[in-house]
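Enquirer: Please work out how this folds:
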Amino acid sequence: MSTGALIIVALRLLIPLSIFRSPLWGALASLLIDAFDVVLIEVLGLGGFDDRYHTLDKLLDTYYLSFLWVVSFRWANEYARWISVVLFPFRVVGVVLFELTNHRVMLFIFPNLFENWWLYCAATARFAPAMEPRSATSSAAILTALLIPKMAQEYLLHYAEAQPWDWIKRHILRGRV
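Expert: As a prediction, the model looks like this:
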């Protein structure tokens, strides 16, 4: 593994530990390092990931999402908590099926709605308690609103295999990597 990959993996292992101290901010930092790891590794210029990147990425995603899952068990809001408790294993099933079959459609069929639900619930609990899920109806409405853009993202990234980091490198970093 290259030096660049080792640095990124170390960051992806260390940053999620902040979730236990500051759940919302730790989650956002973990999400950002996950989203930009491919760009950051090129900015470092110390070597990239090998052809096993996707497996490593899913393993590191599951690592930090499992910390969010553990935190959600402590939530007082029962709707937020129990939906979170169910959504994480649902995604893990999709990741395991993808790794076993190598069919990317598994990641589309089992979308990572858990992360979006968790962020929504954590953010509303902190900043807008009136918008927290308070019933099955409000929970279903929130899940639907979160699912629509998530399915578009899952389709683009995991089924159509779009690579938004290439756009970032071309248009934001403008060839500096």
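Enquirer: Can you tell me the element Ser30 falls in?
Expert: In this structure, Ser30 is located in helix 23-44 according to DSSP states H and E.
Enquirer: and that helix, which residues are buried?
Expert: 23-24, 26-31, 33-34, 37-42, 44 (16 or more other C-beta atoms under 10 Å). Where you see a C-beta, it was placed from the backbone N, CA and C, and this is true even at glycine.
Enquirer: Would you mind identifying the next helix or strand past that helix?
Expert: Counting by DSSP H and E, the next helix or strand C-terminal to helix 23-44 is helix 53-72.
Enquirer: Show me what whatever helix or strand comes next after that following helix packs onto, helices and strands only.
Expert: Toward the C-terminus, helix 53-72 is succeeded by helix 78-101 as the next helix or strand (DSSP H and E). Judged by 3 or more C-beta pairs under 8 Å, 6 or more residues apart in numbering; DSSP states H and E, helix 78-101 is in contact with helix 53-72, helix 105-109, helix 113-127, helix 136-154.
Enquirer: tell me the angle of helix 78-101 relative to helix 136-154?
Expert: Orientation check (axes from the mean of the first three to the mean of the last three C-alpha atoms, to 10 degrees): helix 78-101 against helix 136-154 gives 30 degrees.
Enquirer: Give me the contact list for helix 78-101.
Expert: Helix 78-101 has contacts (C-beta atoms under 8 Å, 6 or more residues apart in numbering) with 55, 58, 61-62, 65-66, 68-69, 72-73, 75, 103-104, 106-107, 109-114, 117-118, 121, 125, 132-136, 138-139, 143.
Enquirer: Just the buried subset of these, please.
Expert: Using 16+ other C-beta under 10 Å as the burial test, the contacts of helix 78-101 include 58, 61-62, 65, 68-69, 72, 75, 106-107, 110-114, 117-118, 121, 125, 132-133, 139, 143 as buried.
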